[in-house]
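A.B. asks: pasting a predicted model and its sequence here:
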Amino acid sequence: MLNQLDLNQLLFLDIETVPEVYNYSELKDDIKHLWELKMKWQMERDNLTAEELFEKAGIYAEFGKIICISVGFLINAGTPSVSYRTTSFAGDDEKKLLQEFANLLNTHYNRQDRYLCAHNGKEFDFPYIARRMLINGVKLPLMLDIAGKKPWEIKHIDTMELWKFGDYKHYTSLNLLAHLFGIPTPKDDISGADVARVYYDEGDIDRIVTYCEKDTLTVCQLLLKYKGLKMIEDDQMIRI
């Protein structure tokens, strides 16, 4: 797989999500009830209330929303003239950013030789984006419309799945793999646990975009390491 994979055909991505509202008290009663049902097992296991668990709401597409999708792609991968280009779709209007991302996929990645690549993307990023698109009334691009497709027809690459080597129980964070492979950490400012606070308390979407773009670059650097290629240097990066 890695030998046959053309890195020039990949779109690397990462998403940042937050709870749809910042505080549990802001939820309507019917949504509170649905959240309690969703969290019932964890409430009993950890002896926590639904409100205490609400900080986790951002990881569930039914109770969270996407505030940033960062993407990156390589040009002339594997050659001395390689470059990495990145951009982001971000803001308070989730439907708008999802539509813009869908337009990108429909325009440039609506082909059988193109792939999406993320870390833990198959468990989180790809399904989360697809679910939020449906909720917001955005038509699924073919790259995310996987219902009825055979496994080899789904053009999704997951750097965490590649690292598992068939071990279904093994979870390894992007930050840990970055450390193991000598890749600069993307967590040098904030981490995923800080995103909701930075978004709701500070309103600093630019800081979140920077963090998300660092994660996306790290996914790219990791796949380059998997293939035994040199990492992207600062002067090879272009933000568009």
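C.D. replies: Alright, I've got the coordinates.
A.B. asks: what residues does stretch 68-85 touch?
C.D. replies: 6-8, 10-16, 86-90, 97-98, 101, 104, 129, 205, 208-209, 212-213, 215-217, 220, 224, 229, 232, 236-240 (Cβ atoms under 8 Å, 6 or more residues apart in numbering). Placement of C-beta: from N, CA and C, glycine included.
A.B. asks: in helices, which of those residues appear?
C.D. replies: Cross-referencing the contacts of stretch 68-85 against helices under DSSP state H gives 97-98, 101, 104, 129, 205, 208-209, 212-213, 215-217, 220, 224.
A.B. asks: out of the residues you listed, which one sits closest to K169?
C.D. replies: When the ones in helices among the contacts of stretch 68-85 are compared for distance to K169 (Cβ to Cβ), D215 wins out at 23.8 Å.
A.B. asks: what are the ranges of the helices in this protein?
C.D. replies: Along the chain, the stretches classed as helices by DSSP H are 29-46, 94-108, 125-135, 159-164, 174-180, 195-197, 205-226.
A.B. asks: from D6, how far out is F101?
C.D. replies: Taking Cβ to Cβ, to the nearest Å as the measure, F101 falls 22 Å from D6.
A.B. asks: those two: which is more packed in?
C.D. replies: Neighbours were tallied for F101 and for D6 using other Cβ atoms under 10 Å; the higher tally belongs to F101 (22 against 12).
A.B. asks: does that one touch R132 like I think?
C.D. replies: No - using Cβ atoms under 8 Å, F101 is not in contact with R132; the gap is 10.3 Å.
A.B. asks: and L223, how many residues sit next to it?
C.D. replies: The local packing count at L223 equals 22, with neighbours defined by other Cβ under 10 Å.
A.B. asks: ah, wrong one, I meant L116
C.D. replies: Neighbours around L116, by other Cβ under 10 Å: 24.
A.B. asks: buried ones in the longest strand belonging to the chain?
C.D. replies: Longest strand of the chain, by residue count under DSSP state E: strand 64-75. Of the residues in strand 64-75, those buried under the neighbour-count criterion (16 or more other Cβ atoms under 10 Å) are G64, K65, I66, I67, C68, I69, S70, V71, G72, F73, L74.
A.B. asks: and the residues you listed as a markdown table, adding pLDDT?
C.D. replies: As requested, the buried residues of strand 64-75 are exported to a markdown table (pLDDT from 0 to 100):
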| residue | pLDDT |
| --- | --- |
| G64 | 98 |
| K65 | 98 |
| I66 | 98 |
| I67 | 98 |
| C68 | 98 |
| I69 | 98 |
| S70 | 98 |
| V71 | 98 |
| G72 | 98 |
| F73 | 98 |
| L74 | 98 |
